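>>> let's see this in three dimensions:
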Amino acid sequence: MSGSPAYLQMEEVRRRSNSLLSSSGLAQDVKAEVQTMAGIPLPLSEKYLHFGVEAMLKENTTGRNRQEVLESLNRLVKALSILEKYGCNLTSPTRPRYWRSVKHNNPVFRTTVDAIKGGRRVLYLYGYTNQQIDGLSFPDEVTEPDTEKVAAVTLEVMTLRTEVDMIVKGTHPHLEHFKDIIPFVIQQDKLVVTPPQVVTPPPKPAQSPGGQPLKPLTGSPAVSECNLCGGPSSLVCPSCDSRPFCDACDDLFHRHPARANHKREKILKDKQESCSICGISSVHAQCSTCVQRLCLNCDKLFHSHPDRKGHNRTIMTPAKTSSLSLSPWECGHCTTVNEMRAVLCATCERPRLATAASAVQESPMSVPTSPNTEWQCKSCTVVNQGSSILCEVCERPRLATRPPATPALSCPGSLSDSGTKWMCQFCTYMNTKPTLVCEMCNLSGKDSAGVSLPQSLQQTPSSAKEPPQPGVKPQPGANPQPGVKPQPKPRVNPELRRQNMMKEDGLILIHQIREAEKSGVSPEEVYAALCVCGGSNTNPSDWLTSELPHLLDEICAMAASVQLNYKAGDSGTQPAVERDGVEPEQSAPNVTGGGVKLSRAEAKVAWLTAGGDADKAVRQLLRDRQFKMKALQSLGFRDALQCEEALRLSGGELKGALSLLQRPLLEPFHQRIWADQPEPPIDPKNPDKQRMCRRLLALYDLPSWGRCELVLSLLQEPDVTYSLEDVVQAVKESHDKDFIRRLLNNECPICLSIFPRSKMQSLTSCQCSVCHDCFGQHFTIAIRDKHIRDMVCPVCSGPDINDPEQLDSYFSTLDIQLRDCLETDVYNLYHKKLTEHALMKDPKFLWCYHCTSGFINEGDQLKVTCLSCRKSFCAQCKKPWEPQHQDLSCEQFQQWKRENDPEYQRQGLAGYLRDNGITCPHCRYQYALAKGGCMHFSCSQCRYQFCSGCNNPYHKMGCKVAQCPFTGLHAHHPRDCLFYLRDWEPARLQDLLQRSGVEFNTDPSTGTQTDACCVMEQKDEAGQQIDSPCGIQTQPGQAGLCEKHYKEYLVSLINAHSLDPALLYDAQEVIRACERYQVDAQRGENEDDNAYGARMLKKLMEVPLGEKVPRNK
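Numbers count the residues shown, from 1 in each chain. Below you'll find the predicted structure:
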């Protein structure tokens, strides 16, 4: 077979289709090739190379008859379609996002691929070889699927699906390859296509509508004559011993209720080609563009796509609609499209041949007004119970219409009886008298088709319209002749009538729902009300208002009666309850003589759930109540009466009933919570340790039970001074007992009391800790009574206030700490002083000479007036303003005063020292004080500490000068500072001035006091800074000053003329000065003392004099 033409054709088509599918991944591209491969006559083992098709077909075609095998094959077709999609997704260039895995819990996979045998073997061939908990997946090391292999397997899946589909439809051209695999189907197909060898006659031959027996199926292989009329046949009925029928005879013959469920099959026509898409209808047109041969419906659908509208099609044969029995059929009542083999509609359960017209023509009396009442079967007229769905006698559905009745068949010899006997279409009773109504059910015997009445009472349209042919006597009871084809009876178009009825009913329902919503009625209530009052003209909203409360009371009473009767032993109630699933009342709560207490709210919910059926609502109400009672009992409420009453008061709400039942239990707790009495304190010595631990957990949110026990053990230690809150706070921070003790025992360095760490306060600038009270009191006093620079640590006096950067950072963080520990007025005063401190940094800020106020001077004139005291002073020299200062510089005005002011001349050098007093380098505040005495000066305005001789700052701790050995209070003075020059004798200072040609005074001024020095200086008396005269005895030749202030006068002249005192240094003074300035004092080899001293003096004089030294002239 490997060299046969069929095998070579198979290989060629397989190679071409494999290439197409591997590149595009679209099943539509290889549809023609798959159809070709399915029709090539090859054995299955040679046509399918990748998986065992024979084994798959045998495993999935197990059945006892043809019907079961066909259903198995249909399931196999659906599963193969899903497998085909999996393969196409893997070969597609744009694969889905989750292509690597197949989930078992996917409902499509579970109902199709997993429902057949061998489906997972195909997925394994695709590459899904890794077994997961919830499905299959590709191995982790595989990044791309094997496209060539997947395409080859997918083509075989598509070919098998096409062949199985042709077998189901009966169009497979080579069934001989499947005769040993699916014998049921092959044998039946051979029965239609080829004549049987032996025809066994049936035990009781069926009869035609005219009374003649049906002809046995004999003759040619292609049955072409109808078994009744002898015309061309189109259908064959396997249930009637494979008798052939034309469409008209099939319509008549299979209207009988005994034959209405027969399934007919279309006779295959060898010359008729089926559509390439649906495979059922005949070919109507051939498209040369897409190479398709399509029926009329498939052609319209396929070529309605915008990309295929311009295709050229050639009409081949007139379109023929498929037979009613071989194509999906549409229900005439609800328009649901059902499967080909379905007898009843899947939605409304009406028979296949039932029409909308027949449903409309039924008597209103036969339709029950409510689903709760008894109903009469439309086929056998038996009255059934309201809860049954199928008729107890004929087992037809409740909503099924009556089957069309055929004329009663009589024996060939009794022609006279056929004109008098007729079968009632309602009760199937055989009437013997030619009356218009049935003797049994008193209903009219004429249906829409007019075939149930005896022929003597019928008025056939043909007799009125067509005149009798000459020579032929019409016989009313004659049967159809074998050679004459009966015409099918005209039918009313049911589709238009059905659509109109559905439209009218829908509009009425929408109107009723909208009107009800305006009144606050839900659509569910409208539907339930229509189920009850649908047979009358009552408005559903009016019925819900007037009648529903009574119905709900009736439902509650019926439910209570059911439980009471069952409890009392009423056996007639038990089946009605148990039939719907209500368990016996032994498991329900005990009901006392008062009966179960139900509410209207519960009854309404049950009534809506039951769709308006009162009986079902009773059972649903009992089920709901039983469930709620069990739920309450599971929560510990065992008293059935209390549970029933709580459910009644809450309207059946489980949460509301639970709230009502819990309220008495929570009442003591509520009373204790809202009582005015305070909670009892936690006693660590209480013997009930568990209770104390639970209270600690509830009140203090401790992380564990062990921490609660740790709190109690710490409080039980002897000599405990800390409180419960302190211990809880410490225990939250650590579980180490020793560490907790250290946290609880901290001594305040100010008040020397013991406090826990949580009650100690630390500044960010140091590590000192003080208690909250001392912290607040220290800063309150500092803000109210002291300067802002006094607000430092009360323990270490940090930080260094002379460092501007450190001070600004300190104040910014201090503000956060003071916010919570100071009173409001004190905190506002702190902000005021902080603002003044910032204003003093402004270069336009001036201090008043006459008072202690300061302000921003925006002008550029020398004369400035204080805003507080309204007095004027000079903005440059800070001296009181005098008229002579106008148009004169400060130096010119000072010179004028020395020459022309008698008071100034009388004061002499004391006035000179006063005018050249101390000026704060930080805030520029001037002091009329001499510089003699202690050089460490503290500004009373800004608390800046500096040297009054050189204006360099004093440092309390380490400074920023490199390699500074001092850690305490110190300052770095230049060599021309009064700090060093005050140790010189006046003669030495005069010698330095004389060398530079600077004049100086030795005699006092005229009129000045010469016995005591009158220079003003700042003195510390009783802890206060007081300005007072010096008062020391003066010496001759010192211009009426004491030696200390005379030296100050001489040094001021040296500084005013920038004289370098190093000119008068001896060798030792030069070495010490070099060490202070960190000048390299290394002595050279063989360097004598004079050379070394000269070299060091030269290096020393290269160091500049003090930058901040006042040099006023």
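>>> the helix or strand where Ala603 lies: what's the following helix or strand?
Ala603 belongs to helix 600-609 when assigned by DSSP states H and E. Downstream of helix 600-609, the first helix or strand assigned by DSSP H and E is helix 614-634.
>>> buried set for that next one?
614-626, 628-629, 632 (16 or more other C-beta atoms under 10 Å). Placement of C-beta: from N, CA and C, glycine included.
>>> same for it, what does it pack against?
helix 548-567, helix 574-579, helix 600-609, helix 640-649, helix 654-674 (3 or more C-beta pairs under 8 Å, 6 or more residues apart in numbering; DSSP states H and E).
>>> what mean pLDDT would you report for the shortest one?
Which is helix 574-579. If you average the pLDDT over helix 574-579, you get 36.
>>> what's the answer for the longest one, then?
Here the mean pLDDT over helix 654-674 is 85, rounded to a whole number.
>>> centre of the chain versus that helix, how much separation?
Between the centre of helix 654-674 and the centre of its chain there are 35 Å (C-alpha atoms, centre = their mean, to the nearest Å).
>>> over to the first one?
Mean C-alpha position of helix 548-567 versus that of the full chain (C-alpha atoms, centre = their mean) differs by 46 Å.
>>> now it against helix 614-634, angle please.
70 degrees (axes from the mean of the first three to the mean of the last three C-alpha atoms, to 10 degrees).
>>> before we move on, the earlier item: now, of the helices and strands packed on helix 614-634, which is deepest in the fold?
When the helices and strands packed on helix 614-634 are scored by mean count of other C-beta atoms under 10 Å, the highest mean neighbour count falls to helix 600-609 (a mean of 21).
>>> dump it to PDB, restricted to CA.
In PDB, the C-alpha atoms belonging to helix 600-609 read as follows (Å, rounded to 0.1, in the frame of the first residue of the first chain):
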ATOM      1  CA  ARG A 600     -45.300  37.600  57.300                       C
ATOM      2  CA  ALA A 601     -41.800  38.600  56.300                       C
ATOM      3  CA  GLU A 602     -40.600  35.000  56.400                       C
ATOM      4  CA  ALA A 603     -43.700  33.900  54.500                       C
ATOM      5  CA  LYS A 604     -43.200  36.500  51.800                       C
ATOM      6  CA  VAL A 605     -39.600  35.400  51.300                       C
ATOM      7  CA  ALA A 606     -40.600  31.800  51.000                       C
ATOM      8  CA  TRP A 607     -43.500  32.700  48.700                       C
ATOM      9  CA  LEU A 608     -41.200  34.600  46.400                       C
ATOM     10  CA  THR A 609     -38.700  31.800  46.400                       C
END
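>>> neighbouring contacts of stretch 21-41?
Stretch 21-41 has contacts (C-beta atoms under 8 Å, 6 or more residues apart in numbering) with 6, 9-10, 13-14, 16-17, 20, 47, 84, 88-93, 147-148, 151, 154-155, 158-159, 162-163, 166, 173-174, 177, 276, 291.
>>> what's the strand or helix carrying Val1051 packed up against?
Assigned by DSSP H and E, Val1051 belongs to helix 1043-1056. For helix 1043-1056, the packing partners by 3+ C-beta pairs under 8 Å, 6+ apart come out as helix 909-915, helix 978-981, helix 986-995.
>>> so for the second one, what's the average pLDDT?
In other words, helix 978-981. pLDDT averaged over helix 978-981 gives 84.
>>> so which residues make contact with it?
Contacts of helix 978-981 (C-beta under 8 Å, 6+ apart): 931, 935, 947-950, 971, 973, 989, 1047-1048, 1051, 1054, 1061.
>>> out of those, who's the most crowded?
Neighbours here mean other C-beta atoms under 10 Å. Within these, the largest count is held by Gly949, at 29 neighbours.
>>> name the nearest residue to that one, ignoring sequence neighbours.
The spatial neighbour of Gly949 that comes closest, neighbours along the chain excluded (C-beta to C-beta, 6 or more residues apart in numbering), is Leu978 at 3.2 Å.
>>> ok, back up a step: which strands and helices sit next to the next helix or strand along the chain from the helix holding Val1051?
On the C-terminal side of helix 1043-1056, the nearest following helix or strand under DSSP H and E is helix 1067-1076. On a contact count with 3+ C-beta pairs under 8 Å, 6+ apart, helix 1067-1076 meets helix 1089-1102.
>>> please state the offset of the helix it packs on from the chain centre?
85 Å.
>>> all further residue positions should be reported with the first residue as 21.
Got it, the first residue is 21 from now on, which makes the last one we talked about helix 1109-1122.
>>> hey, C-alpha coordinates of that helix in PDB?
Written as PDB, here are the backbone C-alpha positions of helix 1109-1122 (Å, rounded to 0.1, in the frame of the first residue of the first chain):
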ATOM      1  CA  ASP A1109      70.600  82.300  69.000                       C
ATOM      2  CA  ASN A1110      70.600  85.600  67.200                       C
ATOM      3  CA  ALA A1111      70.000  84.100  63.800                       C
ATOM      4  CA  TYR A1112      67.300  81.700  65.200                       C
ATOM      5  CA  GLY A1113      65.600  84.600  67.000                       C
ATOM      6  CA  ALA A1114      65.600  86.800  63.900                       C
ATOM      7  CA  ARG A1115      64.200  84.000  61.800                       C
ATOM      8  CA  MET A1116      61.400  83.200  64.200                       C
ATOM      9  CA  LEU A1117      60.600  86.900  64.700                       C
ATOM     10  CA  LYS A1118      60.300  87.200  60.900                       C
ATOM     11  CA  LYS A1119      57.900  84.200  60.800                       C
ATOM     12  CA  LEU A1120      55.900  85.600  63.700                       C
ATOM     13  CA  MET A1121      55.400  89.000  62.100                       C
ATOM     14  CA  GLU A1122      54.200  87.200  58.900                       C
END
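>>> who are the packing partners of that helix?
So helix 1109-1122, by 3+ C-beta pairs under 8 Å, 6+ apart, packs with helix 1087-1096.
>>> and for the residue nearest to Gly969, the neighbour number?
With other C-beta under 10 Å as criterion, Leu998 counts 24.
>>> measure it to His956 for me?
According to C-beta to C-beta, to the nearest Å, Leu998 and His956 sit 12 Å apart.
>>> before we move on, the earlier item: neighbouring contacts of the helix holding Ala623?
Here helix 620-629 has contacts from 544-545, 548, 568-569, 571-573, 575-576, 579, 634, 637-638, 640-641, 644-645, 667, 671-673, using C-beta under 8 Å, 6+ apart.
>>> hmm, back to that, tell me the buried residues in the helix holding Val1071?
1063-1075.
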